[in-house]
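Novice: Sequence below, structure please.
(one chain, ligands or ions: 1)
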Amino acid sequence: MCGIIGIITSERDQTGSDRVLDTVVEGLERLEYRGYDSAGVAVIDPERKTGLWRARAANGTRSLEDLVKQMEDAPRGSPAGIGHTRWATHGRPDEHNAHPHVDCTGRLALVHNGIIENHVELADELIAGGHRLVSETDTEVLAHLIEAAIVANPEARLEDAVRVALARVEGAFALAVIHAAWPDEIVAARRVSPLLMGVSDDHAFLASDVPAILGLTRDFFILEDDRVAVLTPGSLRVTDLDGNEVEPPRLHVDWDLDAARRDGYDDYMSKEMAEQPEAIANTLRDRVLPDGTLVLDEVHITDAEFQAINKVFIVACGSSYHAGLMAKYAIEHWARIPVEIDIASEFRYRNPVLDAQTLVIGVSQSGETVDTFQAIREAAAQGAKVLVISNVVDSSMARESDAVLYTRAGPELGVAATKTHIAQITALEILALYLAQARHQLTPADARALLAHMDVLPEKVARVLERSHAVHEVAERFRDSSAFIFLGRHVGYPVALEGALKLKELSYLRAEGFPAGELKHGPIALVEPGTVVIGVATRTPVWDKMMSNIAEVKSRGASIVLVANDGDEETARHADAVLWVPETEHLFAPIVDVVALQQFAYSMARIHGLDVDRPRNLAKVVTVE
Ligand code: AGP
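Specialist: I've put the predicted structure just below:
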């Protein structure tokens, strides 16, 4: 998830400051929560040969601000400019890959938030046509596609060239383009990724989100999907992809800047939970070909090497460990490879048996957790193949692994893992299907059928998120309880563990997760009247066993809360309260079921007046042993 901004003005500020350049850099700082591994700005500058001036910096907008101040040739009085703060999905987070990207002439600059799914095919075509692409990003193809459209029709307007280019593009985009030949306009376009616009007497502006331009206006226009906007000082015009003018929806916001950064949500955690459908969709995007073949272009382990693997280890901590546990079931079921899973801090010191036929998967949203980092180093030292699942491009673990499969959840600021956890499960399910396909355990047709179940996960998670009030009422009913037991079987077991962790770390209540079948071997001694037992009781092949375990604890006076599939009254009959979720192919069910438990923990913490974004004693990244 990145942030883009653009401004055009007829004002010529002669005070030495520059309205355009200063507004863009300041706006980017306000968008840093959307991504901060690199940043850049480009403005129209008639004094320069290309007619544009550009500055880019790794390490976020502070570095960009310092860079712009140091650059003596930074223009003053520019009429238009665009900027970008990056959360890398394709290509290392460095200056080389930072936006804005330019075309071969250097006269066109472009910023983009989203993922171009067919960027490899387009790049090949452009390079064959003589274009020079210099970055590792998917975005750069857009600049050259528009350039090619301009060359093909010199009489066309910039907006026409943008439309021609977008007709070739598959994927998500919010983009803004400036061009030295059209210094009095900015052209923008949008599909899936958000884009807002605003106008005042002699300005027009755009941004990914409210905070970037809140200081300029409280009245916004929303650019809808497959719409193109032309911004000129004091006006904007919106058309569809055929060039027909359309009226954009309006939005008025009364937020202050801090609330705007949270997109109006009470806290980052609820904002990030709401972003989970997008995190799943982005993690899935451009990884499945139409025929069902899976493409993991960052995974530099050959099919032959995957076929030679005879054992998988998964190492991780906390929520990442729970995601890994869910993957154990999926990999063994589809790829038929034995999978061991270990808490990373244990793995390192137990002298595990590894060799070149072992694949060690390190799961870490930060890519910096020292327990997991040292575990994968131990694995590499013993000659194992190492693959990392990470949310941060070029993180320490990503740099030291044989292969990386990135989640694309965007920055997660809440300490409790939510959208990154969901994205990890998604990525691990994709990896399980990939391994199965590479080892000929799964045909592309079978994979396509299974992936059809994944395609609808964003919508199913969105349905769970819509039920937050009902979940809150359940939490209210048990607000004074002090002992919670979470139970699950099969893939419901790691969901139970994750639900217990969320409740512990957010509300500081005693909560433990167990395999439901394990209860009678000791933990059932904990159960007494007043104990709240939360069971993951969605339909799996072991649902009936799960219900027997629920009967055991109910007979001992426990209060029962069940996660159940919509309409499953047979399950609901056994519960004092139900957290309803849509039915899902059972190996994908954790992605949907866990969201209800995130919401339960969130509500309980809010009911107890606790800080859900910064729970006591916790850090977002644990870089100590
Ligand atoms: C989960 O809500 C916690 N924030 C914590 O357990 C976290 O999952 C764990 O520290 C692992 O972090 P990582 O994914 O960055 O390695």
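Novice: Is there proximity between stretch 402-415 and the ligand?
Specialist: Yes. With C-beta under 6 Å from any ligand atom as the measure, stretch 402-415 is seen reaching the ligand through Val415. Heads up, the C-betas are built off the backbone N, CA and C, glycines and all.
Novice: Quick check: end-to-end length of that stretch?
Specialist: Taking C-alpha to C-alpha, to the nearest Å, stretch 402-415 runs 28 Å from one end to the other.
Novice: starting at the chain centroid, how far to that stretch?
Specialist: How far stretch 402-415 lies from its chain's middle: 7 Å, per C-alpha atoms, centre = their mean, to the nearest Å.
Novice: where along the stretch 1-150 of the chain do the helices fall?
Specialist: Secondary structure of the stretch 1-150 of the chain (DSSP state H, counting those that start in this stretch): helices at 19-30, 60-70, 119-128, 140-152.
Novice: What would the helix or strand following the last one look like as CSV? C-alpha coordinates only.
Specialist: I take that to be helix 140-152. Downstream of helix 140-152, the next assigned helix or strand under DSSP states H and E is helix 158-166. C-alpha atoms of helix 158-166 as CSV (Å, rounded to 0.1, in the frame of the first residue of the first chain):
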residue,chain,number,x,y,z
LEU,A,158,-2.4,13.4,-22.4
GLU,A,159,-5.7,12.0,-21.0
ASP,A,160,-6.3,10.1,-24.3
ALA,A,161,-2.8,8.5,-24.0
VAL,A,162,-3.5,7.5,-20.5
ARG,A,163,-6.8,5.8,-21.5
VAL,A,164,-5.0,3.9,-24.3
ALA,A,165,-2.4,2.7,-21.9
LEU,A,166,-4.9,1.7,-19.2
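Novice: Does anything pack onto helix 158-166? Which helices or strands?
Specialist: With contacts taken as 3 or more C-beta pairs under 8 Å, 6 or more residues apart in numbering; DSSP states H and E, helix 158-166 sits against helix 140-152, strand 171-179, strand 182-191, strand 227-232.
Novice: in the third one, what counts as buried?
Specialist: This means strand 182-191. Neighbour counts over strand 182-191 (16 or more other C-beta atoms under 10 Å) mark 182-183, 185-191 as buried.
Novice: May I see the residues you listed organised as JSON lines, with distance to the ligand and pLDDT added?
Specialist: What follows is the buried residues of strand 182-191, written out as JSON lines (distance: C-beta to the nearest ligand atom, whole Å; pLDDT from 0 to 100):
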{"residue": "Trp182", "distance to the ligand": "45", "pLDDT": "97"}
{"residue": "Pro183", "distance to the ligand": "45", "pLDDT": "96"}
{"residue": "Glu185", "distance to the ligand": "43", "pLDDT": "97"}
{"residue": "Ile186", "distance to the ligand": "38", "pLDDT": "98"}
{"residue": "Val187", "distance to the ligand": "39", "pLDDT": "98"}
{"residue": "Ala188", "distance to the ligand": "35", "pLDDT": "98"}
{"residue": "Ala189", "distance to the ligand": "35", "pLDDT": "98"}
{"residue": "Arg190", "distance to the ligand": "31", "pLDDT": "95"}
{"residue": "Arg191", "distance to the ligand": "30", "pLDDT": "94"}
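Novice: most neighbours per residue, which of the helices and strands packed on helix 158-166?
Specialist: Of all those, strand 171-179 has the most neighbours on average by mean count of other C-beta atoms under 10 Å, namely a mean of 26.
Novice: could you measure the most centrally placed residue in the chain against Ala398, distance?
Specialist: Centrality entry for the chain: nearest residue to the mean C-alpha point is Ala409, 1.3 Å, by C-alpha atoms, centre = their mean. Going from Ala409 to Ala398 by C-beta to C-beta, to the nearest Å gives 15 Å.
Novice: what residues are up against Asn440?
Specialist: Not quite, residue 440 is His, not Asn. Gln307 (C-beta atoms under 8 Å, 6 or more residues apart in numbering).
Novice: Pull up the gap between it and the ligand, please.
Specialist: His440 sits 32 Å away from the ligand, going by C-beta to the nearest ligand atom, to the nearest Å.
Novice: How about Glu275?
Specialist: From Glu275 to the ligand the distance is 15 Å (C-beta to the nearest ligand atom).
Novice: And for the residue nearest to that residue when sequence neighbours are not counted, the neighbour number?
Specialist: Spatially, and ignoring its direct neighbours in sequence, Glu275 is nearest to Lys419 (5.1 Å; C-beta to C-beta, 6 or more residues apart in numbering). Residues near Lys419, counting by other C-beta atoms under 10 Å, number 32.
Novice: Also Arg107?
Specialist: Applying other C-beta under 10 Å, we find 20 residues neighbouring Arg107.
Novice: Model confidence for it, exactly?
Specialist: Arg107 is assigned 98 on the pLDDT scale.
Novice: Then Val299?
Specialist: At Val299, the predicted lDDT confidence score is 67.
Novice: before we move on, what about His421?
Specialist: Here, the pLDDT recorded for His421 equals 98.
Novice: I'd like the next helix or strand past the helix or strand containing it.
Specialist: Here His421 is covered by helix 419-438, with elements defined by DSSP H and E. The first helix or strand that comes after helix 419-438 along the chain, using DSSP H and E, is helix 444-455.
Novice: returning to that earlier point: dump the residue contacts of the residue nearest to the centre of the chain.
Specialist: Neighbours of Ala409 in contact, by C-beta under 8 Å, 6+ apart: 1, 275, 279, 282-283, 365, 391, 419-420, 422-423.
Novice: try 10 Å
Specialist: Counting by C-beta atoms under 10 Å, 6 or more residues apart in numbering, Ala409 touches 1, 87, 272, 275-276, 278-280, 282-283, 365, 391, 417-424, 426-427.
Novice: just Lys545 next, same as before
Specialist: 489-490, 516-517.
Novice: pretty sure it is in a helix, no?
Specialist: Yes. Looking at Lys545 with DSSP: H, G, I helix; E, B strand; the rest coil, it is inside a helix.
Novice: how close does the residue in the chain that the ligand sits nearest to sit to Gly77?
Specialist: Residue of the chain nearest the ligand, by C-beta to the nearest ligand atom: Gly318 (1.9 Å). Plainly put, Gly318 is 52 Å away from Gly77 if you go by C-beta to C-beta.
Novice: So for the two, which residue has more residues nearby?
Specialist: Each of Gly318 and Gly77 has its neighbours counted (other C-beta under 10 Å); Gly318 has more, 24 against 19.
Novice: picking up where we left off before, tell me who's in contact with the residue nearest to Glu275.
Specialist: Counted by C-beta under 10 Å, 6+ apart, Lys419 has contacts 1, 269, 271-280, 282-283, 365, 391, 407-412, 461, 598.
Novice: again, but for Ala304
Specialist: Neighbours of Ala304 in contact, by C-beta under 10 Å, 6+ apart: Ala438.
Novice: Let's test this: mean pLDDT of stretch 477-493, rounded?
Specialist: 97.
Novice: Check the offset of that stretch from the chain's centre.
Specialist: With C-alpha atoms, centre = their mean, you get 28 Å for stretch 477-493.
Novice: Check the secondary structure at Arg539 for me.
Specialist: Once three-state DSSP is applied, Arg539 turns out coil.
Novice: Remind me what the helix or strand encompassing Glu570 packs against, helices and strands.
Specialist: In this structure, Glu570 sits in helix 569-572 according to DSSP H and E. With contacts taken as 3 or more C-beta pairs under 10 Å, 6 or more residues apart in numbering; DSSP states H and E, helix 569-572 sits against helix 543-554, strand 559-565, strand 577-581.
Novice: Mind listing what's buried along the first one?
Specialist: The reference is to helix 543-554. Buried residues in helix 543-554, counted by 16+ other C-beta under 10 Å: 543, 546-547, 549-550, 552-554.
Novice: Format the helices and strands packed on helix 158-166 as CSV; extra columns: distance to His333.
Specialist: Listed next are those as CSV, based on distance: least, C-beta to C-beta, whole Å:
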stretch, distance to His333
helix 140-152, 38
strand 171-179, 30
strand 182-191, 35
strand 227-232, 43
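Novice: I'd like to know how many residues surround the closest residue to Gly264 other than its chain neighbours.
Specialist: Using C-beta to C-beta, 6+ apart and skipping residues adjacent in sequence, the residue nearest Gly264 is Trp255, 5.7 Å away. Trp255: 15 surrounding residues under other C-beta under 10 Å.
Novice: No further questions, thank you.
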